[in-house]
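# Need coordinates for the below:
(chains A and B, ligands or ions: 1)
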Amino acid sequence: MKNRLQTLMEKGSKPLLSIYYTAGFPTLDATIPLAEFLEQQGVDSLEIGFPFSDPLADGPLIQASSSQAIENGMTLSVLFEQLKNLRDRVTIPVVLMGYLNPVLQMGEIAFLEACAQVGVDGVLLPDLPLDYFEKNLKIHYERLGIAPIFLITPETAEARIREIDRLSEGFMYQVASNSITGSEASLTAQTAYFERIAAMQLRNPCLIGFGIHNRETFELATTYSRGAIVGSAFIKQLQAQEGDWEKLVPFLNQFRNKELIL
Amino acid sequence: MKIKICGLFDPANIAAVVTEQPDLVGFIFYPKSKRYVGTNFDPKGIANLPKSTQKVGVFVNEDRDHIISIQTQFAFDYIQLHGEETPEDCAFLKAKGMRIIKAFGVDDGFDFSQLSDYLPYCDYFLFDTATPNYGGSGQSFPWEILNDYPFDTPLILSGGLGVVEVKTFLNSPIPKVEILDCNSKLEKENHHKNLDLVAEVLALTRKTNSGIQPDAAGYYGEFGGAFVPEMLYPNVKELQDQYLFHLHDPEFQREFQDLLKSYVGRPTPLFFSKNLSAHFGGKIYLKREDLNHTGAHKINNAIGQVLLAKRLQKKRIIAETGAGQHGVATATACALLGMECTIYMGEIDIQRQQPNVERMRLMGAKIVPATSGSRTLKDATNEAIRAWINNPVDTYYVIGSAVGPHPYPDMVARFQSVISEEIQVQLKQETGQAAPDYLIACLGGGSNAIGAFYHFIGNPKTQLIAVEAGGLGVDSGKTAATIALGKKGIIHGSKTFLIQTDDGQIVEPHSISAGLDYPGIGPVHAHLSATGLAKVVSVTDEEAVAAALQLARLDGILPALESAHALAYLPKMQLQPDEIVVVNLSGRGDKDLATLIPFLAHEK
Ligand SMILES: Cc1ncc(COP(=O)(O)O)c(C=O)c1O
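Have a look, this model is predicted:
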């Protein structure tokens, strides 16, 4: 059965814009209204992060948003409570993203079942090992129609990329450079890597993320991929706008709507 | 490394072979084999064999129902499928509750991708020399090709393995190979196994088996593994694939041992403390790791890992530190061996361990404060890991305790195991017996403890006691007693016990000693505790300080506050006069003066 994510990937060829934000940030109850707002702004899909105290792959911005969210009272049970009416209000695909430890405490299968129940389409757990996934969890993702999303990086060997492609559904999250989240470096040095992955003719499309922070990096990334994910740069804007989300519109539009910028 | 003796069929020979205690034995149910067990093979004979040897039934393209009927009679631990069985066959038998070993004939052009479909159903893959007769050729194949094996299912190596081949293999083992399968090369006549050859092969692997080792995926029981994001996977995999090769290389060992001796000052003394013995009863010995260069056991591991980093042609070293002892040790090893060095240290620890910060700087290391979270060891570790993600190619991360993703816990344990190796020899010289009645060590991440325990693990003579930092008390909310409080979870890449909320957020620990102020514990200690191989206890800040001051007064030795936790367990023991206790004195207390001096004022 195709879920929203797979349908989106197959629809047209316009570069997809996906936004990452941390659940429960900047305020505990922002999770759903923010999703609605982003859908209205023409964002194609969402990665919603559930916070962890020790996010190893994240830079200072996402770390700080996670700590703030935890302080605000965000937990997995609060999140699933908030997401109960997700599908009454939001139609675009949603991927939940976060580290394995909170999931283990909730129970991996209970977590996946809760995801399916509220209409989450994919799950990305960066520290979930592939073999562990295949042995223990794959059948549950399949049974529940949840797309397993995995990362690939510039250092991932070709054979392993193929292996990840075999196990992924929906899309693969292509990390733009050797970096934690939030780098603001130019990505021009990465074109050889982007070309190499594009040439592999993988089963799944790739969305490129980590360090996508402006029009230039977005366009470069989407020249070689199905779409791109904006995370830290969005969190930074969100923090700066202090609740007035209309002020986020120009920031979001630069990824979409050339006329507004030029 | 385990040994499987395969192709047994004669009852008398079987009985003789199992007395040598091989790890596994195999019985061939393939009528065309020279070692076919025949139609009158007796299930009762197999049932009576000792449980410590696992039994394997070997089949070649056998009818599924026949396998099921054999398995109902024999209850083998594993079913080995040695023909052209399909993934569906494996799935079918697996679903019947059997554990599956699937064998493949290997030649030069072997394509590992054909294994993918078997992955979910097989507990082991066995690689044998490709022959038309389903193995038994007595020929080896070039094992190096297994270095390209891309999966995590553990391997059994087969094909022409005798004493010589096993020796060769053990000199440069291949990652993921857990079992060596020996058959024809251990026979002299009638396809009966020769007991001398069996004993010789087993002795070879036993030599490498002392201590405790994780399985090929890095698990000690249910603890350990490598839960790392993809950004770290290539680095961690490189280490997993290479560390044993280098650690087993005689040239590496020579260099390492030379430095331990001439630079670190090993062996460290085993000091009989008359005064402590008089005070607490028993015969109390102190293993003087405090006398190592730089003042703690941490240097054993730092030298080992920096040597390894050089061999892996890394250019930069990064490390985390809590008390600063591991940071100082790493900065020292880097100065000696000419590597660039950056140390991550929590802001709070930088304040409470100021002298060590200056020592690291004096040796040319750069110090980066960790400003996130509780700003102590856990956060320093997070920052070091992030730095590694940002510099994956030329940077080597020297972890300072028996924590982190596989292979770190095992690697650190091996480098620190020099402590227990020396205790064995020294105690034997002193007392005539190599194993003490009690061995006590403090538990931070667990490196000094695993080093002191290593060769005594599983020895029924010795009670291993690991002392956690109770802080203000295990139930006070201000503690670092991880095992006492901890629930299972994942921290810094391994599955272990950790202090966390119900929602899986890691809780800031507390201990007066910066080196024990960590919310997790090395997975090997989670395992030793869960299996009862070690006893885990805790003492409070106050008890540790009292023990430190007491040792200074009684013996003129100022211990590190970490080590003082081990000493603080002595008053809680009831020692008989001739019971022998070894306390691992992991480090000296110079770095703790600022913490200790205020307590002098409280003394009457
Ligand atoms: C002297 C000393 N002992 C013990 C420890 C605790 O670490 P581990 O449990 O790895 O030995 C430290 C850590 O800094 C230390 O400096």
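
# what's around residue 216, how many residues?
Since you didn't name a chain, this refers to chain A. 13 (other Cβ atoms under 10 Å in any protein chain shown). Where you see a C-beta, it was placed from the backbone N, CA and C, and this is true even at glycine.

# I was after chain B.
B:Ala216: 19 neighbours (other Cβ under 10 Å).

# Just want the most central residue of the chain.
The chain I'm using is chain A. A:Glu47 (3.3 Å; Cα atoms, centre = their mean).

# try chain B instead
By Cα atoms, centre = their mean, the most central residue of chain B is B:Asp410, 3.2 Å off.

# Let me see the contact set for that residue.
B:213-214, B:218, B:243, B:524 (Cβ atoms under 8 Å, 6 or more residues apart in numbering or on different chains).

# Helix or strand: which one has it?
helix B:408-416 (DSSP states H and E).

# Can you dump the C-alpha atoms of that helix in PDB for me?
Extracted C-alpha coordinates of helix B:408-416, given in PDB (Å, rounded to 0.1, in the frame of the first residue of the first chain):
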ATOM      1  CA  TYR B 408      35.600   0.700  21.900                       C
ATOM      2  CA  PRO B 409      34.500  -1.200  25.000                       C
ATOM      3  CA  ASP B 410      36.400  -4.300  24.000                       C
ATOM      4  CA  MET B 411      39.400  -2.300  22.800                       C
ATOM      5  CA  VAL B 412      39.600  -0.300  26.000                       C
ATOM      6  CA  ALA B 413      39.200  -3.500  28.000                       C
ATOM      7  CA  ARG B 414      42.100  -5.100  26.200                       C
ATOM      8  CA  PHE B 415      44.400  -2.200  26.700                       C
ATOM      9  CA  GLN B 416      43.600  -2.000  30.300                       C
END
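
# is that helix anywhere near the ligand?
No - Helix B:408-416 stays clear of the ligand (Cβ under 6 Å from any ligand atom), getting no nearer than 7.7 Å.

# Mind listing what's buried along that helix?
Burial within helix B:408-416, assessed by neighbour count using 16 or more other Cβ atoms under 10 Å in any protein chain shown, is assigned to B:408-416.

# Contacts for stretch B:192-212 next, please.
Against stretch B:192-212 from outside (Cβ under 8 Å, 6+ apart): B:1-3, B:5, B:7-8, B:10, B:13, B:16-17, B:20-22, B:162-163, B:166-167, B:170, B:180, B:182, B:185-188, B:220, B:413-414, B:417, B:454-455, B:457-458, B:524, B:527-528.

# still on that earlier bit, nearest residue to the residue nearest to the centre of chain A other than its sequence neighbours?
Leaving out its chain neighbours, the residue that sits closest to A:Glu47 by Cβ to Cβ, 6 or more residues apart in numbering or on different chains is A:Tyr20, at 4.1 Å.

# Poorly predicted segments of the stretch 151-262 of chain A, please.
Scanning the stretch 151-262 of chain A with the threshold set as pLDDT under 70 gives A:257-262.

# cutoff 90 now
Flagging of the stretch 151-262 of chain A using pLDDT under 90 yields the residue ranges A:179-186, A:241-243, A:256-262.

# re the thing from before, so the residue nearest to A:Glu47 belongs to a strand, correct?
Yes - under DSSP: H, G, I helix; E, B strand; the rest coil, A:Tyr20 sits within a strand.

# May I have the predicted confidence score for it?
Looking at A:Tyr20, its pLDDT is 97.

# Could you check how far it is from A:Asn204?
Noted for A:Tyr20: a distance of 19 Å to A:Asn204, by Cβ to Cβ, to the nearest Å.

# I'd like to know if stretch B:359-377 reaches chain A anywhere along the stretch.
Yes - using Cβ under 8 Å from any Cβ of the partner chain, stretch B:359-377 comes into contact with chain A via B:372-373.

# distance between the ends of that stretch?
18 Å (Cα to Cα, to the nearest Å).

# Tell me if that stretch is near the ligand.
No - Stretch B:359-377 stays clear of the ligand (Cβ under 6 Å from any ligand atom), getting no nearer than 7.9 Å.

# what about that stretch, distance to the chain center?
Its chain's C-alpha centre and that of stretch B:359-377 lie 28 Å apart, by Cα atoms, centre = their mean, to the nearest Å.

# Need the contact partners of that stretch.
Counting by Cβ under 8 Å, 6+ apart, A:53-54, A:60, A:63, A:67, B:320-322, B:324, B:327-328, B:330-332, B:334-335, B:341-350, B:357, B:379-380, B:382-383, B:387, B:508-509, B:514-515, B:517-518 sit against stretch B:359-377.

# would a markdown table of the buried residues of helix B:408-416 with distance to B:Glu230 and pLDDT be doable?
As requested, those are arranged in a markdown table below (distance: Cβ to Cβ, whole Å; pLDDT from 0 to 100):
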| residue | distance to B:Glu230 | pLDDT |
| --- | --- | --- |
| B:Tyr408 | 18 | 98 |
| B:Pro409 | 21 | 98 |
| B:Asp410 | 22 | 97 |
| B:Met411 | 22 | 98 |
| B:Val412 | 24 | 98 |
| B:Ala413 | 27 | 98 |
| B:Arg414 | 27 | 96 |
| B:Phe415 | 28 | 98 |
| B:Gln416 | 30 | 98 |
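
# Just give me the closest of the residues you listed to chain A.
B:Tyr408 (14.4 Å; Cβ to the nearest Cβ).

# how about the helices in the stretch 101-250 of chain A?
Under the criterion DSSP state H, counting those that start in this stretch, helices of the stretch 101-250 of chain A are mapped to A:108-118, A:130-132, A:138-144, A:158-167, A:191-198, A:215-223, A:232-241, A:249-253.

# Domain ranges for chain B, per the record?
B:2-209, B:219-262+B:295-411, B:267-293+B:417-600 (automatic domain parsing).

# averaging pLDDT over each of the ones you listed, which comes out lowest?
domain B:2-209 (a mean of 90).

# Just say helix, strand or coil for B:Val58.
On the basis of three-state DSSP, B:Val58 is classed as strand.

# quick one, what contacts it?
Per Cβ under 8 Å, 6+ apart, neighbours of B:Val58: B:6, B:26-30, B:80, B:82.

# residues from the stretch 451-600 of chain B in reach of chain A?
B:487-493, B:500, B:502-506.

# ignore the last one, the stretch 301-450 of chain B
B:372-373, B:378, B:382, B:385-386, B:389-393.

# What segments of the stretch 101-250 of chain B are strands?
Remark: strands assigned in the stretch 101-250 of chain B by DSSP state E, counting those that start in this stretch are B:124-129, B:155-157, B:177-182, B:187-189, B:192-193, B:219-220, B:223-224.

# contacting residues around residue 159?
Let's take chain A. B:Pro150.

# actually chain B
Residues near B:Gly159 by Cβ under 8 Å, 6+ apart: B:106, B:127-129, B:135, B:137, B:139-141, B:181.

# For the nearest residue to it once chain neighbours are set aside, the count of nearby residues, please.
Leaving out its chain neighbours, the residue that sits closest to B:Gly159 by Cβ to Cβ, 6+ apart is B:Thr129, at 3.7 Å. Residues near B:Thr129, counting by other Cβ under 10 Å, number 18.
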